[in-house]
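Visitor: just need the structure, nothing else, for what follows:
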Amino acid sequence: MTPLGARLRRMRAERGIALKDMASALDVSSAYLSALEHGHRSRPTWYLLQRIITYFNIIWDEAEELQRLVEISDPKISINTAGLDPMATELANRLAASIADLSEEDLRTLNAELMTRTSRARSR
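Guide: Down below sits the predicted model:
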């Protein structure tokens with residue numbers, strides 16, 4: 001499941017909305033919406049995201065958060081390390097090979113560390 005998929009599922013559950021009802025309102029199939037929630041489909045288009053925002057009638061801050069989640073919810077990511085330090089290629093390959101074996105705690109820790117380090121690097 002992607003961060004966007006988890007948020008959509010939570011929003012539906014909080015409002016008591018069935019997947020088929022939301023899919024019908026958005027003019028997409030239930031299968032597509034289910035696949036989007038489970039991370040089996042790529043990120044939604046900007047147009048579909050706007051329809052989701054309208055459907056839930058959410059405020060600006062929450063709409064921005066959904067857009068941010070779309071940006072980090074591509075389930076089939078590729079990493080181009082051409083021209084980078086060889087360690088970048090090694091890191092990308094190690095992560096690709098072992099990500100399925102990491103626990104939720106490991107993922108949380110690695111993600112937090114990466115966010116801290118990239119934030120620090122950008123502020124230099």
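Visitor: quick one, domains of the chain?
Guide: In terms of domains, the chain is parsed into 3-71, 86-122 (source: automatic domain parsing).
Visitor: most tightly surrounded among those?
Guide: domain 3-71 (a mean of 15; mean count of other C-beta atoms under 10 Å). Where C-beta positions appear, they are placed from N, C-alpha and C, glycine not excepted.
Visitor: and it, how far apart are its ends?
Guide: End-to-end distance for domain 3-71, by C-alpha to C-alpha, to the nearest Å: 10 Å.
Visitor: I figured residue 34 hits residue 19, correct?
Guide: Yes. Under the criterion of C-beta atoms under 8 Å, residue 34 makes contact with residue 19 at 6.0 Å.
Visitor: other SSEs contacting the helix or strand residue 64 falls within?
Guide: Residue 64 belongs to helix 60-71 when assigned by DSSP states H and E. Here helix 60-71 touches helix 3-15, helix 46-56, going by 3 or more C-beta pairs under 8 Å, 6 or more residues apart in numbering; DSSP states H and E.
Visitor: nearest approach to residue 117 belongs to which of those?
Guide: helix 3-15 (19.9 Å; C-beta to C-beta).
Visitor: can you give the contact residues for that closest one?
Guide: 1, 18-19, 22, 33, 36-39, 43-44, 52, 56, 65-66, 69-70, 72-73 (C-beta atoms under 8 Å, 6 or more residues apart in numbering).
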